[in-house]
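> sharing a model that was predicted from the sequence below.
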Amino acid sequence: MLLNAALLIAGLIALFYGGNWLVRGASNLAMSFGVSVLVIALTFVAIGTSMPELLVSLQAALIGKSDFALGNVIGSNIANIGLILGLTGLIAPLSVKAILLRREIPIMILFSISVVALTLDGDINRLDGLILLVAFVAFNVMLYRWAKRERNERDRRLADLDETPQSGRNRGREFTWLLLGILALALGSRMMVEGAVNLARMVGLSELVIAVTLVAFGTSLPELAASISAAYHRETDLAIGNVVGSNIANLLLILGAAAFVQPIAVKRAEAQLEFVVMLAFAVLLILFLRNHRLGRRQSALFLGAYVAFIIYSLATGGVTSQPG
């Protein structure tokens with residue numbers, strides 16, 4: 001019990017510092033490359049903060065725990081919107097660029113629907129996994145092209161003003177801060193997950209419920225720490241871009257890799273609620289952001305809905321019998 005408590009405390013400390021380092025590195029790196037913070041959030045930050053989901057889901061797939069792999073991804077996407085944007089928006093209302101509403105959020109919704117459609121035949125097989133991985137590569141190629149176009153436009157504006165683009169002399173240092181932040185977030189989330197899961201198993205919760213609730217929450221802690229730190233520093237593009245990019249990475253990279261390693265059997269009767277909540281949160285996000293702002297009222301609704309989902313899952317999600 002004391003060891004689990006120590007893991008939780010140490011994890012919180014690592015998350016605090018990791019979030020600050022990541023925000024510092026990402027924002028300065030964006031300026032150095034001449035692209036928006038949103039692009040960095042959708043790529044480096046989103047993939048980096050999704051590493052815990054990748055490791056957990058791959059490990060679960062390798063040992064045949066398909067419920068764990070799928071539950072972790074779906075639960076993390078629910079937590080990213082309901083918990084992370086809920087808490088972040090309560091701390092500081094988030095302004096959203098129109099391009100995010102027109103482009104990345106609809107893409108996230110499309111991929112969410114596509115993943116649910118892939119489960120209709122009862123599994124996500126290796127071919128499905130390969131399709132998801134190819135889609136992830138294609139999405140990042142598109143992001144690269146958009147970022148290149150954005151940088152060219154920025155250079156033209158500076159040329160018209162007779163100014164010189166900022167040099168990249170500090171990119172190595174900013175990459176270091178970014179990587180240190182990601183590593184600290186991964187370490188902190190790992191310690192917190194281990195402590196929480198050990199406590200949950202002591203009371204006999206089923207693995208699916210642990211995956212959808214505690215593990216999904218734990219593997220979403222890097223995104224939570226990064227987004228809260230970004231909101232505190234008024235980097236709202238980083239806060240929202242991190243969540244949207246992470247959700248896309250979870251659906252395509254993490255779920256695709258897990259299914260490619262080991263086909264995932266889908267018990268739709270058990271996972272139906274999770275699919276509905278994931279899709280509902282994604283659609284509500286674009287509706288709540290129609291005025292290009294996520295205010296405290298909408299954030300409170302997201303957070304309240306997430307808490308209700310967790311309580312319902314824990315109450316009805318199957319508590320396993322205790323050993324003799």
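Yep, that arrived.
> show me what contacts L294?
L294 makes contacts with L85, G89, P93, L94, V96, I240, F288, as judged by C-beta atoms under 8 Å, 6 or more residues apart in numbering. In short, each C-beta sits where N, CA and C put it, glycine included.
> which ones among these map onto strands?
The strands, defined by DSSP state E, take in L94 from those.
> least confident of the contacts of L294?
Lowest-confidence member of those: V96, scoring 84 (pLDDT).
> quick check: that residue touching T236?
Yes. With contacts counted by C-beta atoms under 8 Å, V96 reaches T236, the gap being 7.3 Å.
> can you give me the helices in the stretch 201-324 of the chain?
207-210, 216-219, 221-232, 236-249, 255-261, 268-288, 296-316 (DSSP state H, counting those that start in this stretch).
> mind putting the ones you listed in TSV, mean neighbour count and distance to L70 included?
Below are the helices of the stretch 201-324 of the chain laid out as TSV (neighbours: other C-beta atoms under 10 Å; distance: least, C-beta to C-beta, whole Å):
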stretch	mean neighbour count	distance to L70
helix 207-210	22	9
helix 216-219	27	11
helix 221-232	27	19
helix 236-249	28	15
helix 255-261	24	7
helix 268-288	17	7
helix 296-316	16	14
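> right, and the ones you listed - which one's nearest L62?
helix 255-261 (6.3 Å; C-beta to C-beta).
> restricting to C-alpha, output the closest one in PDB.
What follows is helix 255-261 as a C-alpha-only set of coordinates in PDB (Å, rounded to 0.1, in the frame of the first residue of the first chain):
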ATOM      1  CA  LEU A 255      -4.700   0.500 -32.400                       C
ATOM      2  CA  GLY A 256      -3.200  -0.200 -35.800                       C
ATOM      3  CA  ALA A 257       0.100  -1.400 -34.300                       C
ATOM      4  CA  ALA A 258      -1.600  -3.600 -31.700                       C
ATOM      5  CA  ALA A 259      -4.000  -5.200 -34.200                       C
ATOM      6  CA  PHE A 260      -1.100  -5.800 -36.600                       C
ATOM      7  CA  VAL A 261       0.900  -7.600 -33.900                       C
END
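> what helices or strands is it leaning on?
For helix 255-261, the packing partners by 3 or more C-beta pairs under 8 Å, 6 or more residues apart in numbering; DSSP states H and E come out as helix 51-62, helix 66-79, helix 126-160.
> what residues does the first one touch?
Counting by C-beta under 8 Å, 6+ apart, the neighbours of helix 51-62 from elsewhere in the structure are 66, 68-69, 72-73, 76, 182, 186, 189-190, 193, 211, 215, 218-222, 249-250, 253-255, 257-259, 261-262, 264.
> mind redoing it with 6 Å?
Outside helix 51-62, the residues that touch it by C-beta atoms under 6 Å, 6 or more residues apart in numbering are F68, A69, N72, S76, A186, S189, T219, N250, I254, A258, V261, Q262.
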